[in-house]
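**Q** Take a look and give me a structure for this.
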Amino acid sequence: MEAKQKLTLKDRKKAQPGAKLYFSEAERNTIKEMVAKDLDISQTSIFFYQCQALGLNPLLDEIAAITYKMKDGTSRMSIQVMRDGFLKIAHRSGKFAGLESGVKGDGADMIGWARVWHKDFTKPLYQEADFLEYDNSVRNLLWKTKPKTMIKKVAESMALRKAFNVSGVYAPEEMEREIIEAKEPKKLELENPDSPASAEQIATLQALTKDKEQDELPKVLRQINKPKPNENILLSRQEAVDLISEYASKKK
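**A** Okay, here's the model as predicted:
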């Protein structure tokens, strides 16, 4: 699902009243170095265009751009707006009248929902997000540890985007699986993947997570970092590989 530029800057400003954001030369350089370092020249221009059109600041983590490779080798860009970025657009419009959200069901049947009140609407805009459609717990630990929070953010972002006429951009939580599937990563296949993790794997995980806030780690990693006497650590070789890959990528 690639972001398409359908509206001119003039048109988008009509859709987003008050959207006006200009970056100083120093800010532009910082964004190029810190936020847009993987973008080529044309992608960088489009990214700045979107930031200005939507009135969002990447230095405040309101909007971001990532690039990824398709299986044919071509490079694509995805411009992503954070949930708080959509909220900023809503508040700035002067038409925002409230947001309510929650989760119904549990496990695989879980559904996130959101209602957005707009002053020009006779009733709130209602949006649902099916957990199975967006669940990325295989590669993103937050989907495993905070599934309700994640699916609720998807529903909120979708509802805000529809209520305030924001087109061509998506929330990161909406795009994760789309982009991962486009990359088609090859998963390392192990012999006896369900056998217990090796001592070397556990030592690697300890090194990767020792500086992390322990309360934010999944239970198995807290067990590894602070083992109790006679405590069995239930971690397979494959699970260890997946966790090592995830936390090693966060070190980069």
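**Q** Pull out the buried positions in the longest helix along the chain.
**A** Across the chain, the longest stretch assigned as helix under DSSP state H is helix 147-163. Of the residues in helix 147-163, those with enough neighbours to count as buried (16 or more other Cβ atoms under 10 Å) are 147, 150-163. Every C-beta, even on glycine, is put in place using the N, C-alpha and C of the backbone.
**Q** Do you know the pLDDT at residue 107?
**A** At residue 107 the predicted local distance difference test score is 88.
**Q** meant to ask about residue 152, not that
**A** In this prediction residue 152 is given a pLDDT of 96.
**Q** can you pull the contacts of it?
**A** Remark: with contacts taken as Cβ atoms under 8 Å, 6 or more residues apart in numbering, residue 152 is in contact with 101-103, 112-114.
**Q** 6 Å instead, please
**A** With contact taken as Cβ atoms under 6 Å, 6 or more residues apart in numbering, residue 152 is in contact with 101, 103, 112.
**Q** out of these, who's nearest residue 38?
**A** The nearest member of the contacts of residue 152 to residue 38, counting by Cβ to Cβ, is residue 112 at 30.0 Å.
**Q** is it true that the closest one lies in a strand?
**A** Yes. Residue 112 forms part of a strand when assessed by DSSP: H, G, I helix; E, B strand; the rest coil.
**Q** what about it, neighbour count?
**A** Residue neighbour count, defined by other Cβ atoms under 10 Å, stands at 29 for residue 112.
**Q** And the strands in the protein, which stretches?
**A** Remark: strands of the chain, listed N- to C-terminal, are 63-69, 75-81, 96-104, 111-118, 125-130; assignment by DSSP state E.
**Q** buried stuff in the second one?
**A** Right, strand 75-81. Within strand 75-81, the residues that count as buried by 16+ other Cβ under 10 Å are 77-81.
**Q** And the nearest residue to residue 101 once chain neighbours are set aside, how far from residue 235?
**A** Here the nearest residue to residue 101 in space, its sequence neighbours aside, is residue 114; by Cβ to Cβ, 6 or more residues apart in numbering that works out to 4.1 Å. When distances are taken as Cβ to Cβ, to the nearest Å, residue 114 and residue 235 turn out to be 36 Å apart.
**Q** hang on, the earlier thing: between the strands of the chain, which one is nearest to residue 168?
**A** Taking Cβ to Cβ as the measure, the strands of the chain were each checked against residue 168, and strand 75-81 came out nearest at 7.5 Å.
**Q** Perfect, that will be all.
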